[in-house]
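In: Sequence plus predicted model, see below.
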Protein chains: 2
Amino acid sequence: MARWEPDARGRMLAAALDLFAEKGYDKTTAGDIAARAGVTERTFFRHFADKREVLFAGPTALDEVVAEAIAKADEAASPLEMVFAAAREGAARIAEQRTREQAARRTRIVQANPALQERELLKMAAMRSASQKALAERGVGDPAASLAAHSGVAVFQSGFDRWVSGETDLSLPECIDEAIVALHDLT
Amino acid sequence: MARWEPDARGRMLAAALDLFAEKGYDKTTAGDIAARAGVTERTFFRHFADKREVLFAGPTALDEVVAEAIAKADEAASPLEMVFAAAREGAARIAEQRTREQAARRTRIVQANPALQERELLKMAAMRSASQKALAERGVGDPAASLAAHSGVAVFQSGFDRWVSGETDLSLPECIDEAIVALHDLT
DNA sequence: CCGTTGATGTCAGTCACTGACATAGGAGGA
DNA sequence: TCCTCCTATGTCAGTGACTGACATCAACGG
């Protein structure tokens, strides 16, 4: 028999989501989460760098996904086409992992808390930075790479927002495509 | 005679910059800053919402500047032209307030610290949100407004980065214009 | 059977931040 | 002139996020 129940991390993840829904993020302490998961606070911080990170601990690192997508993009593709493909790829991964309702619930928690928004923005910036680097390896220099990466994040966010808004029945990738078209129309 | 030395806020601002340069942001406590400014830690937190905020406490709220610029943009301007004008306006304000060397020093501190990057990203997001709202009041709806706002921030960041990089002698507004041209070329 | 490893517990400590209340100069009115 | 309110600050105690150091002990490999 094991010394401890297995999957401490998974239990903490579940406990955190429950508690955030019950009492709100601010009123939930790291100790609360740990207690409900049957571990100590110290263990919580061994698994998650900080309290916010528990909301960003998906199995997928989006920045790796987009970097890979850009690396394997078509030879003849323009920088914008590359980042759009990356945005679609990232969207596909997200749609695989959660339903729109789950995504909406998580988004509501994040939007209600500036500290969490900051973390979300940092993740987006990481995605942008990864895109920029991947473009550089395909021979796209600045400022083109930087601007293209920004555009990729822009369509991703815009599409994602529309998807979770519930105003449409389109799938997430379809919302991304819609945003790409809208960006096209803008110029 | 006054009960306290005047301009506590200014003294804290100066003390903070000094200490960050001397010991680094992480190794400087809020109490250190307060002590050097001749006040108590409690007073520090009365003037600044948190420790990071002391690095973002410029006299200018960039989001108001861009909102105003968009509000008074030319009637016939396209959404993109509006946000570009706003980016130029914001850049002009910044260039008024600090030299490139000052901006570079501050940028170095921020780039060295993820927590500070998060805060910077939040400020950029506020600028984007303000742009989006101002565009909405000019009749530009989503997703166009959202995407245009993203583009505005993109050229702002790209131009700003180039300006502080020291690789050019162009002024900040000129760097913004360069970024705008580069974005144009991208499509 | 024994030494090592890895995930956890325990504990003490630092620091960011907050709420409640006290203090005293200065401004304005009676 | 005196009284009163206002405001910026001080004081103090408390909470909660996070960290470092060290202990524990099942499991695993030899």
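Out: Sure, I can see it.
In: Any residues of chain A in contact with chain B? List them.
Out: Where chain A comes near chain B, counting by CB under 8 Å from any CB of the partner chain, the residues are A:78-80, A:114, A:117-119, A:121-122, A:124-125, A:142-144, A:146-148, A:150-151, A:153-155, A:157-159, A:161-162, A:178-179, A:182-187. For every residue, glycine as well, the C-beta is placed using N, CA and C.
In: Surely A:Glu84 and A:Ala179 touch.
Out: Not quite, residue A:84 is Phe, not Glu. No: with contacts counted by CB atoms under 8 Å, A:Phe84 stays clear of A:Ala179, the gap being 9.2 Å.
In: tell me, what's touching these two both at once?
Out: Counting by CB atoms under 8 Å, 6 or more residues apart in numbering or on different chains, the contacts common to A:Phe84 and A:Ala179 are A:Val155.
In: where does chain A dip in pLDDT?
Out: A:1 (pLDDT under 70).
In: Return the longest helix seen in it as CSV; C-alpha atoms alone will do.
Out: Determined from DSSP state H, the single longest helix within chain A is helix A:114-137. Extracted in CSV, the C-alpha atoms of helix A:114-137 (Å, rounded to 0.1, in the frame of the first residue of the first chain):
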residue,chain,number,x,y,z
PRO,A,114,-7.0,41.5,-11.6
ALA,A,115,-4.2,39.3,-10.2
LEU,A,116,-5.5,36.4,-12.3
GLN,A,117,-5.9,38.6,-15.4
GLU,A,118,-2.2,39.5,-15.0
ARG,A,119,-1.3,35.9,-15.0
GLU,A,120,-3.4,35.2,-18.1
LEU,A,121,-1.7,38.1,-19.9
LEU,A,122,1.6,36.7,-19.0
LYS,A,123,0.7,33.4,-20.6
MET,A,124,-0.5,35.2,-23.7
ALA,A,125,2.8,37.1,-23.7
ALA,A,126,4.7,33.8,-23.5
MET,A,127,2.7,32.6,-26.5
ARG,A,128,3.5,35.7,-28.4
SER,A,129,7.2,35.5,-27.5
ALA,A,130,7.3,31.8,-28.6
SER,A,131,5.7,32.8,-31.9
GLN,A,132,8.2,35.5,-32.4
LYS,A,133,11.1,33.2,-31.7
ALA,A,134,9.7,30.5,-34.0
LEU,A,135,9.2,33.1,-36.8
ALA,A,136,12.8,34.2,-36.3
GLU,A,137,13.9,30.6,-36.9
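In: So it, near DNA strand C or not?
Out: No: Helix A:114-137 does not reach DNA strand C (CB under 7 Å from any atom of the strand); its nearest approach is 9.0 Å.
In: Would you mind measuring from A:Asp7 to DNA strand C?
Out: Using CB to the nearest atom of the strand, to the nearest Å, A:Asp7 is found at 8 Å from DNA strand C.
In: returning to what we had before: tell me which residues of whatever helix or strand comes next after the longest helix of chain A are tucked away?
Out: Later in the chain than helix A:114-137, the nearest helix or strand by DSSP states H and E is helix A:144-165. Using 16 or more other CB atoms under 10 Å in any protein chain shown as the test for burial, helix A:144-165 gives A:144-164.
In: May I see the domains of chain A written out as residue ranges?
Out: Per automatic domain parsing, the structural domains of chain A span A:8-55, A:62-186.
In: closest to DNA strand D out of those domains?
Out: Among the domains of chain A, the nearest to DNA strand D by CB to the nearest atom of the strand is domain A:8-55 (3.2 Å).
In: Quote the end-to-end distance of the closest one.
Out: End-to-end distance for domain A:8-55: 16 Å, by CA to CA, to the nearest Å.
In: And it, how far out from the chain middle?
Out: Distance of domain A:8-55 from the chain centroid (CA atoms, centre = their mean, to the nearest Å) equals 19 Å.
In: and it, does that touch DNA strand D?
Out: Yes: Domain A:8-55 comes into contact with DNA strand D (CB under 7 Å from any atom of the strand), by way of A:28-31, A:41-42, A:45, A:49-52.
In: Contacts only, for A:Glu137.
Out: A:Ala71.
In: For stretch A:98-108, buried residues please.
Out: Neighbour-count burial for stretch A:98-108 [16+ other CB under 10 Å]: A:103, A:105-107.
In: now swap in stretch A:22-37 and tell me
Out: Those would be A:25, A:28, A:30, A:32-34, A:36-37, for stretch A:22-37 by 16+ other CB under 10 Å.
In: Which positions in chain A make contact with DNA strand D?
Out: Residues of chain A lying near DNA strand D (CB under 7 Å from any atom of the strand): A:1-3, A:28-31, A:41-42, A:45, A:49-52.
In: Show me those that map onto strands.
Out: Among these, the subset assigned to strands under DSSP state E is empty.
In: Any of the residues you listed buried? List them.
Out: A:28, A:30, A:51-52.
In: which one of those sits closest to chain B?
Out: A:Arg52 (9.7 Å; CB to the nearest CB).
In: list the contacts for the closest one?
Out: Contacts for A:Arg52 (CB under 8 Å, 6+ apart) come out as A:115-116, A:119.
In: A:Ala14 too?
Out: With contact taken as CB under 8 Å, 6+ apart, A:Ala14 is in contact with A:Ala37.
In: what helix or strand does it sit in?
Out: helix A:8-23.
In: Report the buried residues of that helix.
Out: Of the residues in helix A:8-23, those buried (16+ other CB under 10 Å) are A:8-9, A:11-13, A:15-17, A:19-20.
In: a markdown table for these, including distance to B:Ala71?
Out: Output for the buried residues of helix A:8-23, formatted as a markdown table (distance: CB to CB, whole Å):
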| residue | distance to B:Ala71 |
| --- | --- |
| A:Ala8 | 53 |
| A:Arg9 | 49 |
| A:Arg11 | 51 |
| A:Met12 | 47 |
| A:Leu13 | 45 |
| A:Ala15 | 47 |
| A:Ala16 | 42 |
| A:Leu17 | 41 |
| A:Leu19 | 43 |
| A:Phe20 | 38 |
